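Enquirer: structure of the sequence below:
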Amino acid sequence: MTEVEAAVGKTDPPADPLKTQLHKWLTSQGYPLELRTAQAFREIGHVRQSDYYYDSESASHREIDVVVSMRSDTKSRTEWLDILLRIEAKSGADKPWVLFCGERTPSLHPVAQVVQRFASPAARRWVSFAAHSHAVRALPLLTIEEHPGHSLIKANFSSNQGGSDVAYKAINSAVKAAHWETTREDIYPGLNKISVIAFPVIAIDAPLFKCDIDETGALRLWRVDMGTLIWHNNVVPSAPPHTIVHVVTEAGIPEYARQASETAHGLSMSYSRIRRRELASQRKSEEE
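Expert: From the prediction side, this is the model:
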């Protein structure tokens, strides 16, 4: 028998119905998006999946899908900087998300755009100084683009209007997870030594639109790969006055990862400079 005849005689193995059913269910539950999101960030930091945070409101531990840690000054065993992305992944490519926008320019002063982030006590001490640096204020994740959002929904074209709940829960999860990372008391050294800055992020595989009205009152919609939500709902009492959340589509993740890496590098440089000045001042005081 020739190779061609043998190939013609071959048949594909029978499909495994259980495997097919499982694949369909996993896809419907959004697990592939979580896996792809985690994979996209592995080049810029250490990635943890299915991590947990403590929700003080419900007094229980809850899951966050992806955590990206970009740590610097790792030689020190007592003090370092850790930039975290706490990512809630939401699947459902057929239902777009909408950021409702008001003013064209962000209402927050550029310094406030830096300091009103989730930061540990150790980080807040030097970030307040670093925020006066133009170079720090220009870092991508610390700069709010034009037409930021004040509200976020997931569109629902059916009679069951549950889109706003999906978005609200996603925001809550990402925000609470970021806040917990900067206030937790179960690590050593404590957060009075470790500088932690955490960014809440929502990753979606659906299109993202911004929405506002023009001068005539007509509705405007335009598609974006990422956007910023400036939320006025303080989910946790000790949070900053404004809660800043990044919303990123799957298409926008590579660029967002690049921006996150650039921001982490810039903050690391600022942290090192301020630490060197502090140590020099401390040595000078001791000598005197």
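
Enquirer: tell me the secondary structure at Val236.
Expert: coil (DSSP: H, G, I helix; E, B strand; the rest coil).

Enquirer: what is the burial count for it?
Expert: 18 (other Cβ atoms under 10 Å). C-beta: built from backbone N, CA, C; applies to glycine.

Enquirer: how about the helices in the protein?
Expert: 3-9, 17-28, 31-41, 110-115, 121-130, 134-137, 163-181, 253-287 (DSSP state H).

Enquirer: which one of the ones you listed lies nearest to Glu63?
Expert: helix 163-181 (8.3 Å; Cβ to Cβ).

Enquirer: which parts of the closest one are buried?
Expert: Of the residues in helix 163-181, 163, 166-168, 170-181 count as buried by neighbour count, 16 or more other Cβ atoms under 10 Å.

Enquirer: average pLDDT across it?
Expert: Averaged over helix 163-181, pLDDT sits at 91.

Enquirer: and if you look at stretch 39-56?
Expert: 95.

Enquirer: all numbers from here: first residue = 32
Expert: Yes, from this point I'll number from 32; that puts the last item at stretch 70-87.

Enquirer: first-to-last residue distance for that stretch?
Expert: 30 Å (Cα to Cα, to the nearest Å).

Enquirer: what does that stretch contact?
Expert: Contact with stretch 70-87 is made by 65-66, 69, 91-102, 114, 116-117, 207-208, 211-212, 215, 267, 284-285, 288-289, 291-292, 295, as judged by Cβ atoms under 8 Å, 6 or more residues apart in numbering.

Enquirer: what's around Ala237, how many residues?
Expert: So Ala237, with other Cβ under 10 Å, has 18 neighbours.

Enquirer: list the contacts of it.
Expert: 121-128, 185, 280.

Enquirer: for the stretch 182-319 of the chain, give me the ranges with low pLDDT.
Expert: 190-195, 268-269, 313, 315-319 (pLDDT under 70).

Enquirer: tell me how many other residues crowd Asn265.
Expert: 14.

Enquirer: surely it is in contact with Thr274?
Expert: Yes - taking Cβ atoms under 8 Å as the definition, Asn265 is a contact partner of Thr274 at 6.6 Å.

Enquirer: please tell me how far Gly180 sits from Val255.
Expert: The spacing between Gly180 and Val255, counted by Cβ to Cβ, to the nearest Å, is 10 Å.

Enquirer: where do the contact lists of those two overlap?
Expert: By Cβ under 8 Å, 6+ apart, the residues touching both Gly180 and Val255 are 130, 241.

Enquirer: the more surrounded of those two?
Expert: Neighbour count, other Cβ under 10 Å: between Gly180 and Val255, Gly180 has more, with 24 against 17.

Enquirer: identify the residues contacting that one.
Expert: 130-132, 241, 258-261, 278.

Enquirer: could you do Leu252 as well?
Expert: 129, 240-242.

Enquirer: do the same with Ala143
Expert: Counting by Cβ under 8 Å, 6+ apart, Ala143 has contacts His273.

Enquirer: separation between it and His273?
Expert: Distance from Ala143 to His273, by Cβ to Cβ: 8 Å.

Enquirer: with Asp217 instead?
Expert: For Asp217 relative to His273 (Cβ to Cβ), the value is 28 Å.
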